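*Asks:* Output the structure for:
(2 chains)
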Amino acid sequence: MRRGRRKLFPLVRHALLLAWTAVTLFPIYWMVMTSFKHAGEWVTWPPRWFPHEPTLVNYVKVLTPGTSTFELGRQTLKILKPIGDSLVVSGIGSLLAVVLGSALAYSWARFGTGGRNYPYNILSIRMVPPIVIAVPFVVYFVTLRLLDTYTGLILVYVATCLPYVIWMMLAFVEEVPVELERAARLMGVSRLRVLRSVVLPLTASGLVVTFLFVFILNWSELLLAITLTNTEVSTLPITLNKFQSANEGRDYGPQAAIGTLATLPVVVMGFLIQKHLLRGFSFGLLRK
Amino acid sequence: MASIRLERLTKVFGATRAVDGIDLAIPDGEFVVLVGPSGCGKTTTLNMIAGLETPTSGDIWIGDACVTDWEPGERNLGMVFQSLALFPHMTVFDNIAFPLRIKRVAPEEIASWVRTVSDTVHVGHLLDKRPATLSGGEAQRVALARTLVVQPSVFLMDEPLSSLDAKLRVEMRTELKRLHAALRSTFVYVTHDQAEAMTMADRIVVMHQGQIQQVGRPLEVYGDPVNRFVAGFFGVPAMNFIEGELRPEPDGARFVTQSLRVTLPGRGGGSGPAVLGVRPEHVRFADGRESWPATVSLIEPLGDETLLFLDYGGPSSLVAKVDVEEKVAVGDRRSFTFRPDRVVLFDGTTGGRICR
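*Replies:* Reported below is the predicted structural model:
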């Protein structure tokens, strides 16, 4: 009886985990499949699990610069520009947030900058639903002439990401024993050099993981982007959103193609920093 | 080479006075151990000497210079931390070489220095390893090597042996003492372990609640404690304390409890509530005028000696350390006495030593 249960349990557990993996991955699978289907196969019954005649037409349409007309609606498609814009805004925004946030996390962890409740105060910014700050931002940005500019959107992304960066980096900085820094200081190492030779190498994984985390947030952010930009700056989520409107119908194929393209940079990045991910996401529970 | 002098050194954290106006002079080349229970201020004192904590008031002198406002790196100190503080992202070689690289020593010289020092502490075969793969003892030696390599004039050690197992700790104790004998540098060593203090120190500084209780050679501190705290801190098992009353006698004093009457010839000047302290090794079986009956309630053989718990009618048992040859069984009725010259007396309220 005992032995039977011992054999059965891992089986059940793996079956459940497999089922859950299937549930979470299915939408992604469906998106990728749809991006290779002709218009006729997008919504058929019974559903087609694989495209019967795989095609790249959706990608061609989406990636061709300039104006093009579709069977299902008319869209001005400049997907290359939104990809570029998204990269610029999310990339610079996340980078700035990580630089500023980790500096703040370090100074709070080591010197108590800002007082005991400072990180909580900053976290409370995150408790506010974005919709609440979106409209006031429009008013500010009109005055500051930041509406529909890269600078404007980057600033907003830095501000909204800082709480995440600070809280994640706090965990990573606190994991570096103070004694390491003290030992270095006793050897005559300057504070800046301590940061470079001791703190930076030991928090590298944390920095990379934090960057990826906020990059994904910014990469897929829609509400603030759509409120604060118009024609000059247009990120991927905005472009994606344009394929669903009452006037122009539903372009599932190109939409799926954009979705697939939008997922790629994040996946590639994930592969590049794989070795940091395990260490970073385990928050030091696993030691190298 | 350098002496150290602390003048009215004070550190206040919020409402607590972690270190409360201590004065201490450590001559060049001495092995000094700061010892006390956790929270007594010993580590804070060490950190202030190192420059890692800024004193609230008071001064620190190293050699002829007042270093109170100096950066830690300017004081020419070597420190071994409780956690050893080896850099996990560097190999053993890089760890030991790191302080030399900071001082911009030429690479060839670094290599030869690292080799010399790592051979001294027997870690020459570990140079390519990472700290995480070292055993406790190996990591300990690497930390020592990293401190030795810059030839500091003062070594500061903050409970460096506490992470080792008991056997290794005793070995390292001997090795540190040898190292000190070879280097003749000033060592300031912090520990809460009275055995470490007793075995290694030239002089022991006993601290309690931010203040220095007593400074002295190990046997002075052990045999001639200035107060009840110091007396109770040293010795395993701890000194027996018996509360009672002191009455003056023509030729000395008499210590009285419900079940004991101890005459102390030649010790005058005391009366009132007092505490008698006697170490377990100074309690012995004897019949005679000045002896009291007791029942053996528990026996703890240590191998080389035996501990006996004697119920004599007082509020707690008396611990006696006797020879293993002593024939004794639980339940035996025996008479015991104290070595009168080794009995110490403390004031019942202040705990200070009286009637020396």
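*Asks:* B:Met90 touches B:Phe98, doesn't it?
*Replies:* Yes: taking C-beta atoms under 8 Å as the definition, B:Met90 is a contact partner of B:Phe98 at 6.7 Å. Where C-beta positions appear, they are placed from N, C-alpha and C, glycine not excepted.
*Asks:* What are the boundaries of the strands in the stretch 101-250 of chain A?
*Replies:* A:244-245, A:249-250 (DSSP state E, counting those that start in this stretch).
*Asks:* ugh, typo on my part, it should be the stretch 101-250 of chain B
*Replies:* B:154-158, B:186-191, B:203-208, B:211-216, B:240-249.
*Asks:* Who does B:Asn240 form a beta bridge with?
*Replies:* B:Asn240 has these beta-bridge partners by DSSP bridges: B:Val278.
*Asks:* ok, it - how many residues close by?
*Replies:* When neighbours are counted by other C-beta atoms under 10 Å in any protein chain shown, B:Asn240 registers 21.
*Asks:* what pLDDT does it get?
*Replies:* Residue-level confidence at B:Asn240 comes out at 95, pLDDT.
*Asks:* residue contacts, it?
*Replies:* Residues near B:Asn240 by C-beta atoms under 8 Å, 6 or more residues apart in numbering or on different chains: B:277-280, B:283, B:318-319.
*Asks:* B:Val296 sits in which helix or strand?
*Replies:* Following DSSP states H and E, the helix or strand that holds B:Val296 is strand B:292-301.
*Asks:* buried residues in that strand?
*Replies:* Across strand B:292-301, burial judged by 16 or more other C-beta atoms under 10 Å in any protein chain shown covers B:292, B:294, B:296.
*Asks:* Can I get it in CSV? Just the C-alpha atoms.
*Replies:* Extracted C-alpha coordinates of strand B:292-301, given in CSV (Å, rounded to 0.1, in the frame of the first residue of the first chain):
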residue,chain,number,x,y,z
TRP,B,292,29.1,20.4,56.3
PRO,B,293,27.1,17.3,55.3
ALA,B,294,25.6,17.0,51.8
THR,B,295,24.0,14.4,49.6
VAL,B,296,25.4,13.5,46.2
SER,B,297,22.5,14.1,43.9
LEU,B,298,24.1,13.8,40.4
ILE,B,299,27.4,12.6,38.9
GLU,B,300,28.8,13.8,35.6
PRO,B,301,32.0,12.0,34.7
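*Asks:* Parallel or antiparallel, list what pairs with that strand.
*Replies:* Sheet pairing here is set by DSSP bridges, and for strand B:292-301 it gives strand B:305-311 (antiparallel), strand B:333-338 (antiparallel).
*Asks:* between those strands, which gets nearest to B:Pro250?
*Replies:* B:Pro250 lies closest, by C-beta to C-beta, to one member of the strands paired with strand B:292-301: strand B:333-338, at 21.3 Å.
*Asks:* what's the spacing between that closest one and its chain's center?
*Replies:* Computed by C-alpha atoms, centre = their mean, to the nearest Å, the chain-centroid distance of strand B:333-338 equals 32 Å.
*Asks:* how far off strand B:240-249 does it point, in degrees?
*Replies:* If you take axes from the mean of the first three to the mean of the last three C-alpha atoms, to 10 degrees, strand B:333-338 sits at 70 degrees to strand B:240-249.
*Asks:* Pull strand B:333-338 out as CSV, backbone CA atoms only.
*Replies:* C-alpha atoms of strand B:333-338 as CSV (Å, rounded to 0.1, in the frame of the first residue of the first chain):
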residue,chain,number,x,y,z
ARG,B,333,26.2,11.3,52.4
ARG,B,334,29.5,13.1,52.6
SER,B,335,31.1,16.0,54.3
PHE,B,336,32.6,18.8,52.3
THR,B,337,34.6,21.9,52.8
PHE,B,338,36.1,24.8,50.8
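*Asks:* Can you list the buried residues in that strand?
*Replies:* Buried-residue list, strand B:333-338, by 16+ other C-beta under 10 Å: B:334, B:336-338.
*Asks:* okay if I get the residues you listed as TSV plus distance to A:Gly270 and pLDDT?
*Replies:* Converted to TSV, the buried residues of strand B:333-338 look like this (distance: C-beta to C-beta, whole Å; pLDDT from 0 to 100):
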residue	distance to A:Gly270	pLDDT
B:Arg334	78	92
B:Phe336	76	93
B:Thr337	80	93
B:Phe338	76	91
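*Asks:* Now do the same contact list for B:His192.
*Replies:* Contact analysis of B:His192 by C-beta under 8 Å, 6+ apart lists B:35-38, B:42, B:159.
*Asks:* Tell me how far it lies from chain A.
*Replies:* Distance of B:His192 to chain A, given as C-beta to the nearest C-beta, to the nearest Å: 17 Å.
*Asks:* excluding its backbone neighbours, what's nearest the residue of the stretch 1-150 of chain B found nearest chain A?
*Replies:* Residue nearest to chain A within the stretch 1-150 of chain B: B:Gly73 (3.0 Å; C-beta to the nearest C-beta). Spatial nearest neighbour of B:Gly73, chain neighbours left out: A:Gly188 (3.0 Å); criterion: C-beta to C-beta, 6 or more residues apart in numbering or on different chains.
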